[in-house]
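**Q** sequence unknown, structure follows:
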């Protein structure tokens, strides 16, 4: 028993020693989760960057996005390892502030990723530029309906960052670049499929000439799709969605949905590590790093680059 | 004689569907042991539970020291000086002896919230000393033998300054030596003026310990007599309403047949040492010995329930290896354990399922689906053959009487066509009438050509039933007697023949 | 009687054996403690970052909430029951405290009181369901778990409530009463855990409450027949557990500076695991607070150590699972002996 413990300890020591041998930068990433496909894709990007830049990373996140305290324990443990830099996607920014303050005092640069950290401690945030992505959705919509006609929008809510950014990105692009297109209706469905479906049906009912419909997140997009189907307008109204999910992917594949915007989680992970290293090298960079997005439709949905970032 | 402590007059109690007690009378004087006997369901327990405050009477009166009283709950009974020691000991295994004795009335301080452990242990020690028991009150009850646990219960009862001590079947889990020790304590208490109400199925004990005996039958009072003025036959005939010849020997029908089971040089741990015996077709082999002599261990070893250290087992002259009860069953050896509820029966399941359980594959079709018709037919046959009293095949076993539960276990093994049946204490906890049925059953099995091995701690039973008697002591077989001529004295002598004594002899 | 001398011998050998048995049980406790020490030693050897004041405090802080919950659930398990609602009950009390302080603008101590009262009421309700309505504890507390989770979400409108108006609230957990040693300032949450552990241990061993907790778990029927009002004491045990959940609720709300209504589910299993690792028997009648605290520390030390060693998260989970099974198996082994 005792002997085995000693052997085990020696084995561990060897592993630890070998990892210490290479004087690499060590950058722990604390995410909001780790089991979800989205976070696995972020991790994949981060690992790729670690390989490319020859640094050492770990990637951890709590089991559910509710476990705020567990995430903070992870952050505390990461700090105890005296890392060179930290990547952090806060479940709750305010709860994490004391630890981020500690990192700042210890001179450890913090790079926020995904939705970021509501504080000025992180040097930058690597996330999807939702404004730009939604604007691109507007461009695609204009192209698909021939640059003129009536469109409608369903957004999940008017308070969350993503809701505001996606709404403004889409609406402003249409207004500034496509004067012949009019947004006849903009409603909020709470991201709820059923509610969004009812909303979409009401809008279609009152605007018989509607040519395009944009749903700003998964629930909204599915709602729009259902509404179009139930009103018998498939093929007559162009549907543009956002994010993925099994239903949306199937709809894109069948052509019921013209296409959708997806974030690029692999890019989020990659950029987080890349900018952590830039920070360590003392480079200057902006407060926000766009990690990119993709437009996917029937033609490119099976492209490995796209399918890697879509989740069921 | 002194004034009685308790007088019960015209007591009646009914439960839905049963008149448990009808106009029963009873009295108890200080310094006497008054035994209450009757078959299961005669109303003994009900009477005891009314006296100890668990049940409330329907009519009649209870006088304590000549004054009518109401006993609403166990607390009230304790206040009146009545304590009961139940058949299942009501102790908390994880607490110490002292903590058990004073549970609910611990010495306290600081406003009654904090425990005074020192006083607690001192008071318990005092009580043990009073009864001349050398005992550390700080021992956890779970670490004590059943006999010692019983002592704790008795001390607990006395700590209430009990003037009346009710003991329900106190000796059934005890061995001879422990019974004697218990009787010493009972006699000591009697000499202190405590009145003791004693309930037991062991008829021989009644005459050793009682002053008076009261018989109940079907909830009715049958009579009270002084021990010096009655005898066993009289008591039993009062109990069952018919005369049972408890001492009649079994008369074997014809000569026993070939040797079915031959066990040689069996060894397993401390309690099975070099054991060898044979059983023939159509005979009943009695296994006698004191508690802990290793009889059950032998049966379990032969049956494959415990791995053996060494030894050989032959069935009809063929050597077999038994590693698991499955193997034993395959070779036609059945074991009916002492603790039917724990090892022998799924009490929450119907009769039918229990009977068919050991041989389920025989009732399955090629796809592993059960054939209910075949199961029904087989179990109906068994119920009829063994005259198991059950309202239906779907009755849950737990609602059957002890004797009928035993029969269900037997049926299980008969379904498997066993040739050798080990019965481990088949009549424990069964009333006199049901015992008769079990005896009859064993005789029938023998005459059907089964080889029956009966382990029993009751000597009269061994002598009555066995063709041959094997006696064990401390893991060894100390002798074999012919059933027809064996006497209690001869068996007891062998049962106490310890190894050290053999060597010097 | 020929057997008399033997029995006397048996009796004396029994009394001789008793101090020895007590020695064994002391050694068992030492065993649990030494496995914790072993963990710490191994991790300290494997990583220079492990045995650092900062990290030790991180471990203690990570133990605080689970440790407090585990103390409460230990009482319940000793009675032979189980409480699956401690995690969400904690959340509910946190939300009630936040509602009081942050929404109704009442002083911090009223919020604390509110959490304790809310926890006690929930526990009381569970206790009544178990003792009076005879609902199996597993189901009754599962129901209570869902109920408190739902109520938390409703009251908080599914969003965290922040103590923006009461910065002192975070001091309850994160401040320190002993700011004397630089770099090793033990946060109040940890001190509260230890004080509670001492109080609970005292209650379990020296008071009527503790004695009856064991009695009920050991043999409820016997306890009842001994004149103990078992229903009432059972309700009391569940209520005390609720009260302790209230303490945990205050600690976690204070640590996160907010009440997170979605948090809490799954925490009960960690608490139960800590108690069982610490030697509390799920069949009742056995358990110590010291054991539970050691169990909670084993869990958090293991988690922290594996993180410090950068073991991949998936393997951390596997390892923790193996250790829990191993710890409980060791316990079964020693009981067989």
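**A** Received, thanks. Since this is a predicted model, take the numbers as computed values, not measurements.

**Q** what's the distance between stretch B:280-289 and the middle of its chain?
**A** When C-alpha coordinates are averaged (Cα atoms, centre = their mean, to the nearest Å), stretch B:280-289 and its chain have centres 21 Å apart.

**Q** which residues sit in contact with residue A:233?
**A** With contacts defined as Cβ atoms under 8 Å, 6 or more residues apart in numbering or on different chains, residue A:233 is in contact with A:204, A:210. To be clear about C-beta, it is placed using only N, CA and C from the backbone, and glycine gets the same treatment.

**Q** Which element, helix or strand, includes the residue lying closest to residue C:129 once chain neighbours are set aside?
**A** Using Cβ to Cβ, 6 or more residues apart in numbering or on different chains and skipping the chain neighbours, the partner closest in space to residue C:129 is residue C:140 (3.9 Å). Secondary structure from DSSP states H and E places residue C:140 in helix C:137-155.

**Q** again with residue B:308
**A** Element membership for residue B:308, per DSSP H and E: none, as it lies in no helix or strand.

**Q** What is the burial count for it?
**A** Other residues near residue B:308 number 19, with proximity taken as other Cβ atoms under 10 Å in any protein chain shown.

**Q** okay, residue B:141: pLDDT?
**A** Note on residue B:141: pLDDT of 90.

**Q** Provide a list of residues in contact with it.
**A** For residue B:141, the contact set (Cβ under 8 Å, 6+ apart) comprises B:91-97, B:100, B:149, B:152.

**Q** For chain A, state which of those is nearest.
**A** When those are ranked by distance to chain A (Cβ to the nearest Cβ), residue B:94 comes first, at 29.2 Å.

**Q** wait, is the closest one part of a strand?
**A** No. Inclusion of residue B:94 in a strand is not indicated when DSSP: H, G, I helix; E, B strand; the rest coil is applied; the result is coil.

**Q** That one contacts residue C:214, correct?
**A** Yes. If you go by Cβ atoms under 8 Å, residue B:94 and residue C:214 touch, sitting 5.8 Å apart.

**Q** Now do the shared contacts for the two.
**A** Contact criterion Cβ under 8 Å, 6+ apart; residues shared by residue B:94 and residue C:214: residue C:285.

**Q** any chance you could map the strands in chain A?
**A** In chain order, chain A shows strands spanning A:26-30, A:56-60, A:86-88, A:110-113, A:124-127, A:149-155, A:181-188, A:210-215, A:238-242, A:259-263, A:288-290, A:293-297, with DSSP state E as the criterion.

**Q** between those strands, which one is nearest to residue B:288?
**A** Set against residue B:288 and scored by Cβ to Cβ, the strands of chain A come closest in strand A:56-60, at 69.6 Å.

**Q** do the closest one and chain C meet?
**A** Yes. Using Cβ under 8 Å from any Cβ of the partner chain, strand A:56-60 reaches chain C at A:56, A:58-60.

**Q** In CSV, list the residues you listed along with pLDDT, neighbour count and distance to residue A:264.
**A** Below are the residues of strand A:56-60 next to chain C laid out as CSV (pLDDT from 0 to 100; neighbours: other Cβ atoms under 10 Å in any protein chain shown; distance: Cβ to Cβ, whole Å):
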residue, pLDDT, neighbour count, distance to residue A:264
A:56, 93, 16, 24
A:58, 94, 23, 22
A:59, 94, 24, 17
A:60, 93, 22, 21
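
**Q** Which of those sits closest to chain B?
**A** In terms of Cβ to the nearest Cβ, no member of the residues of strand A:56-60 next to chain C lies closer to chain B than residue A:60, at 41.6 Å.

**Q** my guess is that closest one contacts residue C:308, does it?
**A** No. Assessed by Cβ under 8 Å, residue A:60 is found out of contact with residue C:308, at 11.7 Å.

**Q** list residues touching both of the two?
**A** Taking Cβ under 8 Å, 6+ apart as the contact definition, residue A:60 and residue C:308 share no neighbouring residue.

**Q** returning to what we had before: pLDDT and neighbour count added to the contacts of residue B:141, as CSV?
**A** As requested, the contacts of residue B:141 are exported to CSV (pLDDT from 0 to 100; neighbours: other Cβ atoms under 10 Å in any protein chain shown):
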residue, pLDDT, neighbour count
B:91, 89, 23
B:92, 90, 25
B:93, 88, 17
B:94, 89, 21
B:95, 92, 23
B:96, 92, 22
B:97, 92, 28
B:100, 92, 28
B:149, 89, 19
B:152, 91, 26
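
**Q** Which secondary structure element is home to the residue positioned nearest the centre of chain C?
**A** By Cα atoms, centre = their mean, the mean C-alpha position of chain C lies nearest to residue C:70, the distance being 1.1 Å. For residue C:70, the element it lies in under DSSP H and E is helix C:53-78.

**Q** how about the residues of the stretch 101-250 of chain C near chain B?
**A** Residues of the stretch 101-250 of chain C lying near chain B by Cβ under 8 Å from any Cβ: C:206-209, C:211, C:214-215, C:217-219, C:221-223, C:225-228.

**Q** end to end, how far does stretch A:177-185 reach?
**A** End-to-end distance of stretch A:177-185 (Cα to Cα, to the nearest Å): 18 Å.

**Q** which residues touch that stretch?
**A** Under the criterion Cβ under 8 Å, 6+ apart, residues A:138-139, A:141-142, A:145, A:147-153, A:171, A:174-175, A:203, A:206-207, A:210, A:212 lie in contact with stretch A:177-185.

**Q** the helices in the stretch 51-200 of chain B, which residues?
**A** With DSSP state H, counting those that start in this stretch as the criterion, the stretch 51-200 of chain B has helices at B:74-79, B:97-101, B:117-130, B:146-158, B:176-191.

**Q** Likewise for the stretch 201-312 of chain A?
**A** Taking DSSP H, counting those that start in this stretch as the criterion, the stretch 201-312 of chain A carries its helices at A:218-230, A:246-254, A:265-280, A:304-307.

**Q** can you put these in JSON lines and add distance to residue B:396 and mean neighbour count?
**A** Putting these into JSON lines (distance: least, Cβ to Cβ, whole Å; neighbours: other Cβ atoms under 10 Å in any protein chain shown) gives the following:
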{"stretch": "helix A:218-230", "distance to residue B:396": "53", "mean neighbour count": "25"}
{"stretch": "helix A:246-254", "distance to residue B:396": "49", "mean neighbour count": "18"}
{"stretch": "helix A:265-280", "distance to residue B:396": "59", "mean neighbour count": "25"}
{"stretch": "helix A:304-307", "distance to residue B:396": "59", "mean neighbour count": "12"}
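
**Q** how about those helices, which one is nearest residue A:34?
**A** Checked against Cβ to Cβ, the stretch from the helices of the stretch 201-312 of chain A lying closest is helix A:265-280, at 11.9 Å.
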